[in-house]
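# Got a predicted model here, sequence first, then my questions.
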Amino acid sequence: MSGIEVERPLQTIYDEIRRFRREVMARMDRLEATLEDCLPADAGAHRA
């Protein structure tokens with residue numbers, strides 16, 4: 001059974017949450033870029 005270990009310091013848990021959030025945001029950015037690449041050229045004009 002997996003779960004949060006009560007023994008771990010809150011800072012460690014906080015750091016893991018921040019790392020997870022960064023990974024998720026990076027994946028979302030890559031997904032967005034992939035989807036924009038699939039759009040017609042004029043539809044993605046807002047992208048720099």
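Perfect, thanks for sending it.
# so where's the protein uncertain?
Applying pLDDT under 70 to the chain flags residues 1-6, 42-48.
# the helices in it, which residues?
10-38 (DSSP state H).
# mind checking how far Met25 is from Leu31?
Look at Met25 and Leu31: by C-beta to C-beta, to the nearest Å, they are 11 Å apart. No exception for glycine: its C-beta is placed from N, CA and C like everyone else's.
# and if you look at Thr12?
Thr12 is 29 Å from Leu31, by C-beta to C-beta.
# cool, and Leu39?
13 Å.
# What of Glu7?
In terms of C-beta to C-beta, Glu7 sits 36 Å off from Leu31.
# quick one, which of those two is more surrounded?
Leu31 (10 against 6; other C-beta atoms under 10 Å).
# so what's that one up against?
Under the criterion of C-beta atoms under 8 Å, 6 or more residues apart in numbering, Leu31 has no neighbours.
# Asp29 and Glu23: what is the separation?
Counting by C-beta to C-beta, the gap from Asp29 to Glu23 is 11 Å.
# Next: Leu35.
Taking C-beta to C-beta, one finds Leu35 at 19 Å from Glu23.
# How about Glu7?
Distance from Glu7 to Glu23, by C-beta to C-beta: 24 Å.
# okay, now Leu10: neighbour count?
With other C-beta under 10 Å as criterion, Leu10 counts 7.
# And for Arg27?
10.
# do Ala41 as well
So Ala41, with other C-beta under 10 Å, has 6 neighbours.
# what's the spacing between it and Tyr14?
43 Å.
# same question, Arg27
Taking C-beta to C-beta, one finds Arg27 at 21 Å from Tyr14.
# same thing with Arg21?
11 Å.
# and what of Arg22?
From Arg22 to Tyr14 the distance is 13 Å (C-beta to C-beta).
# do the same with Pro40
With C-beta to C-beta as the criterion, Pro40 and Tyr14 are 43 Å apart.
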